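K.L.:
compute the structure for the input listed below.
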Amino acid sequence: MIGSCFGSTGPMSTMYPHTKPYRYKFPVVTIKDMVKAQKILFDRLGISKVEAIVGGSMGGMQAMQFAITFPNFAKKIIALACTYATQPYAIAFNKVAQESILNDPEFKNGYYEVADLKKSGLNGMAVGRMAGHISFLSHESMRSKFGREYKSTDGLFELFGKFQVESYLEYNGHNFTKWFDPLAYLYITKALNIYDLERGYDSMEDAFRRIKSKLTLISFSSDLLFLAKEMQEMSTMLKDVGNENFEYLEVAGTYGHDAFLVELDGFSSYLKRRLEE
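P.N.:
Model prediction:
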């Protein structure tokens, strides 16, 4: 994924022919840019057609972008837990992460040393990641996973004593910052925020008319980040443009946005059938 610190090229990649990283000279990239870069790779490998593209969340965005930008490339597109355009609720969580990074003195306005962050992490980014984790879960999954359990080593009336849910957020937040680059995180959240399948077309319906693949949309009832309603709206728009080659499934569950990674029993047999058709 272009723009990621685990992708082909990102903001901390060496800016050829120089030896310094791009940092802020790296351009803002979109989901469409990521898909175009992947298509270039397929072309270089001599692959002109694939059986299926499957993705959840940001991967679902890429799958939908493939369906519209390269309508003859995949026989089947399966998009889970995503949307047609990022809505204010998700953008708001990304804003918390962005501001947390930018206001951390150790971020050094983007001119940090990578080795320093790998050693000690970035506290501001950890706070932003905690907010992200909250958006991935739900009331029910948090209650089931943590309840009101308190750390056995902490006193209830210690000011900084912690509930288990607090320890979970701290651990995942701070651990994340030691292996994920903060500038890449800023660029990726920007790409998420400006994602809009309608961009470049006269309307969303005009964009959806380009889809030729057999399309499957799978939403999750407990998803707070990308509501099931948003994927239902996609289904309605597909019907409105006369697309009869798609199916929509809303999976009941309690886990939240990450259900597509966890509650597999709710849709795995359905997905398998769609792939084997």
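
K.L.:
quick one: the helices in the stretch 101-250 of the chain, in order.
P.N.:
Secondary structure of the stretch 101-250 of the chain, counting by DSSP state H, counting those that start in this stretch: helices at 114-120, 123-136, 139-146, 164-176, 182-194, 204-208, 228-240.

K.L.:
the fifth one - contacts with which helices or strands?
P.N.:
It stands for helix 182-194. For helix 182-194, the helices and strands in contact under the criterion 3 or more CB pairs under 8 Å, 6 or more residues apart in numbering; DSSP states H and E are helix 31-44, helix 58-69, helix 88-102, helix 123-136. In this view, the C-beta of every residue, glycine as well, is placed from N, C-alpha and C.

K.L.:
what's next to stretch 29-41, contact-wise?
P.N.:
1-3, 7-8, 58, 61-62, 65-66, 69-70, 73, 187, 191-192, 194-195, 199-200 (CB atoms under 8 Å, 6 or more residues apart in numbering).

K.L.:
swap the cut-off to 7 Å and go again
P.N.:
Residues outside stretch 29-41 that contact it (CB atoms under 7 Å, 6 or more residues apart in numbering): 1-3, 8, 61-62, 65-66, 69-70, 187, 191, 194-195.

K.L.:
same question, stretch 246-262
P.N.:
With CB under 7 Å, 6+ apart as the contact definition, stretch 246-262 has outside contacts at 56-57, 80-81, 135-138, 140-141, 144, 215-226, 228, 231-232, 235, 238, 263, 266-267, 270.

K.L.:
now do it, average pLDDT.
P.N.:
Averaging pLDDT along stretch 246-262 gives 96.

K.L.:
how far off centre is the helix-or-strand element of the chain with minimal mean pLDDT?
P.N.:
When the helices and strands of the chain are compared on mean pLDDT, DSSP states H and E, helix 114-120 comes out lowest with a mean of 91. On the basis of CA atoms, centre = their mean, to the nearest Å, helix 114-120 is displaced by 24 Å from the centre of the chain it belongs to.

K.L.:
go through it and flag the buried ones.
P.N.:
Of the residues in helix 114-120, those buried under the neighbour-count criterion (16 or more other CB atoms under 10 Å) are Leu117.

K.L.:
same check on stretch 97-105?
P.N.:
Within stretch 97-105, the residues that count as buried by 16+ other CB under 10 Å are Ala97, Gln98, Ser100, Ile101, Asp104.

K.L.:
next, Val28: secondary structure please.
P.N.:
In terms of secondary structure, Val28 is coil; the call rests on DSSP: H, G, I helix; E, B strand; the rest coil.

K.L.:
mind pulling up the pLDDT for the nearest residue to it once chain neighbours are set aside?
P.N.:
Taking CB to CB, 6 or more residues apart in numbering, and ignoring the residues beside it in sequence, Val28 has Lys190 as its nearest neighbour in space, at 5.7 Å. You'll see Lys190 listed with a pLDDT of 98.

K.L.:
just to check, Ser57 is in contact with Thr83?
P.N.:
No: at 9.6 Å, Ser57 does not count as touching Thr83 under the criterion of CB atoms under 7 Å.

K.L.:
who's more crowded, those two?
P.N.:
Set side by side, Ser57 and Thr83 show unequal neighbour counts under other CB atoms under 10 Å, the larger going to Thr83 at 25 against 21.

K.L.:
for Lys108, see how far away Cys200 is.
P.N.:
Quick fix: residue 200 reads Gly, not Cys. Between Gly200 and Lys108 the distance, using CB to CB, to the nearest Å, works out to 36 Å.

K.L.:
mind giving me the ChimeraX select for the contacts of stretch 246-262, buried ones only?
P.N.:
Buried residues within the contacts of stretch 246-262, as defined by 16+ other CB under 10 Å, are selected in ChimeraX through the command that follows:
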select :56,57,80,81,135,136,137,138,141,215,216,217,218,219,220,222,223,224,225,226,228,231,235,238,263,266,267
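
K.L.:
circling back to that earlier point, just the buried residues from the contacts of stretch 29-41, in PyMOL please.
P.N.:
One line in PyMOL is enough to select the buried ones among the contacts of stretch 29-41; burial here means 16+ other CB under 10 Å:
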select buried, resi 1+2+3+61+62+65+66+69+70+187+191+195
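
K.L.:
possible to save the contacts of stretch 29-41 as CSV with distance to Gly128?
P.N.:
What follows is those, written out as CSV (distance: CB to CB, whole Å):
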residue, distance to Gly128
Met1, 19
Ile2, 22
Gly3, 17
Ser8, 25
Met61, 20
Gln62, 23
Gln65, 25
Phe66, 29
Thr69, 30
Phe70, 33
Tyr187, 14
Ala191, 16
Ile194, 18
Tyr195, 19
